[in-house]
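>>> could you look at this predicted model? Sequence included:
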Amino acid sequence: MQYSQKVLDHFMKPHNVGKLEHPDAEATEGSPACGDQISITLNIDPETKVIKDVKFQSYGCASNIATGSIITDMAMGKTIEEAKNITWKGAADELDGLPPVKMHCSVLAVDTLKKAIKKYEIEHGYAKAEKFSKQTIVEELKKVIYPGVGEDIVTLKMVKYVGFEDGIATIDVEIPKFDKYRDNVAEEIEEHLEAFDEIKEVKVTI
Amino acid sequence: MDRIYFNNCLTSKPAPEVVKITTEYMKNRYYFPENFNAMGTATSKNLVKAKKIIADSMGADSKEIHFTSGGTAANNLAIKGYLTANSHKGTHIICSVIDYPDILTNAAFFESSGFDVTYLQADNEGFIDLKQLKESIREDTILFMTTLGNHTVGTIQPLKEIREILDSAVQKITMHIDACEAYARIPLNVNELGIDLMSISAHKIHGPQGIGALYQRNGIKLGLVQHGVNRMDNLQTGGLNIASIAGFAKAVELAFDDLDANITKIRELSDYLLSKIESTIPNTLLNGPRGVKRAPHNINISFDYIEGEAIMMMMDMFGVSISTGSACASQGLKPNYVLMALGRNHEQSHSSMKFTFSRYNTIKEIDYTVEKLAEVVKELRSRSPLCN
């Protein structure tokens, strides 16, 4: 496993590090307990919806810092509609690839950017908060990466059942017994779903 | 400046004398023992000599030493060999939650095969709970095992006290020690400490990779874990790694030539690094004990507000090799289980850095390392949302 030269370049000399003083939008995702956290602040032109400035702060590994750097580069100067089209795979490609075990860093960075934009849209009446449903859970599970191959657990068909009743989310996932990432995937699912106010309890069965 | 290497607990650079003798054996002295011809006889003599060097280093008899393909093979021979040969006496094992994976995975294997395992807890410096040990002993307890010089925080378990507790049982409880970390770094006499089985590894003491040894006290019965052709003694099946055995013996000779001076030098280096970090970089936390209860080659320290893999990668860019307990750098993306068992939180585990020293490290290397480390920590903290 090794990082591309581009990842190392962005890690050593990241672009757009810091915190905007008067941001129009901001979001923080991840947690120090999980080993990675990103905060993003944006200045958005109210007329053109162009991202005039964007900064990030990172508590995390080399790829966490590099993905924060690349997605802020990618978002700078784009309209929020264009920025919403940035994907974690696209960000990883911009870095000449990430090791599969590090792909979740790209997911976290892109998700933070999109959360900041979404908050901005809701606050300014450009979008409504989505109604929570079982599909919301499925969409969130698409952000949980199986580190063995660097792909999400829904695409990999590892998720066998998703249920939501009385605030309890029930997720059945299929991972071989001796797979070293079993605990990590379970923790990732819990971390992602516990962030929703609508979910009181997450039950993961592997 | 050449690369600076502080990962000697992972593996260490073979000593030039070791490389020389190993090469010589591969070129000219590769023959197997126990033939009556000149080459076979010479090999037999050299193997006897190598066993004696290793036996003498721990106060053992040559007949009590078995060569293996490394520390893990020695641990497996000890644990699997002992439990398969002695299960009629009992099926209860005791180890601790902070032991090396060789011990923990073997314990889990035997647990799934019908043995009972008690996992002792450790305090916040990594010393196992002796009260719990005393209370855990049962009539069917046959094996206690632990890691000497903990592989993460360097804690040296009080083996004499442990032996006394084990001896308070009516039955004999065998003590197996994984000493791959502690061997040649602290004085170790198997008789003074009451050790019955002990694993050691060559590549952690400037010997060749792929060779280790098991000390088996005379009278302790072990079953075979690998059946096959018998070349040297009952437990060593298959071909022998003659060149590496010679290199191993040379590494032991070099380490024990003046063990006290070696230990003093390594402790001076690690003490120097620790005091320099603590006086230069704010918001740090030493993991494990301070002073003589810690293996001299190990310093493990956490840096608040930042993550260890980033520190490791940036130091690597500056030519310094160190390791981290961060989940991001681990195989299963989990925080270091030893640090978590010691009561450290996730952040402290993710930000922990481990430096392991050898006699080849220098004060100059440490000065450069701490200078760069201060820059790296400052830079990463300036990017962190946790301190801005």
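Perfect, I can see it now.
>>> going forward, measure contacts and count neighbours with C-alpha atoms only.
Noted.
>>> residues contacting B:V48?
Neighbour list for B:V48: B:S62 [criterion: Cα atoms under 8 Å, 6 or more residues apart in numbering or on different chains].
>>> the nearest residue to A:D152 once chain neighbours are set aside - how many residues pack around it?
In this structure, A:D152 finds its nearest non-sequential neighbour in A:I145, 4.1 Å apart by Cα to Cα, 6 or more residues apart in numbering or on different chains. Using other Cα atoms under 10 Å in any protein chain shown, A:I145 has 26 neighbouring residues.
>>> what's A:I145 sitting at in phi/psi?
phi -100, psi 130 (degrees, to the nearest 10).
>>> same thing with B:L254?
Dihedral angles for B:L254 - degrees, to the nearest 10 - are phi -60, psi -40.
>>> got the domain ranges for chain B?
Segmentation of chain B into domains, based on automatic domain parsing, reads B:16-257, B:258-383.
>>> distance of the closest residue to B:G71 other than its chain neighbours from B:K131?
Closest residue to B:G71 apart from its sequence neighbours, by Cα to Cα, 6+ apart: B:S201 at 4.8 Å. According to Cα to Cα, to the nearest Å, B:S201 and B:K131 sit 31 Å apart.
>>> so for those two, which residue has more residues nearby?
Neighbour count, other Cα under 10 Å: between B:S201 and B:K131, B:S201 has more, with 30 against 10.
>>> so which bits of stretch A:192-206 are buried?
A:H192, A:L193, A:I199, A:V202, A:V204, A:I206 (16 or more other Cα atoms under 10 Å in any protein chain shown).
>>> show me these that map onto helices.
Among those, the members falling in helices are A:H192, A:L193 (criterion: DSSP state H).
>>> and the longest helix seen in chain A, what does it pack onto?
Determined from DSSP H, the single longest helix within chain A is helix A:103-123. Under the contact criterion of 3 or more Cα pairs under 8 Å, 6 or more residues apart in numbering or on different chains; DSSP states H and E, helix A:103-123 touches strand A:25-31, strand A:36-44, helix A:62-75, helix A:88-94.
>>> within its sheet, name the partner strands of the first one and how each one runs.
On the basis of DSSP bridges, the sheet neighbours of strand A:25-31 come out as strand A:36-44 (antiparallel).
>>> what's the angle from the partner strand to helix A:62-75?
10 degrees (axes from the mean of the first three to the mean of the last three Cα atoms, to 10 degrees).
>>> what is the mean pLDDT for strand A:36-44?
Mean pLDDT, strand A:36-44: 95.
>>> right, and the helix or strand after it?
strand A:51-59 (DSSP states H and E).
>>> and that following strand, does that touch chain B?
Yes: applying Cα under 8 Å from any Cα of the partner chain, one finds strand A:51-59 touching chain B at A:Q57, A:S58, A:Y59.
>>> okay, now residue 46: neighbour count?
Reading this off chain A. Neighbour tally, A:P46, other Cα under 10 Å: 10.
>>> let me rephrase: I mean chain B.
Neighbours of B:N46 (other Cα under 10 Å): 18.
>>> and the residue nearest to the spatial centre of chain A, what does it touch?
Compute the mean C-alpha point of chain A, and by Cα atoms, centre = their mean the closest residue is A:L108, 2.6 Å away. With contact set as Cα under 8 Å, 6+ apart, A:L108 has these partners: A:E29, A:G30, A:I38.
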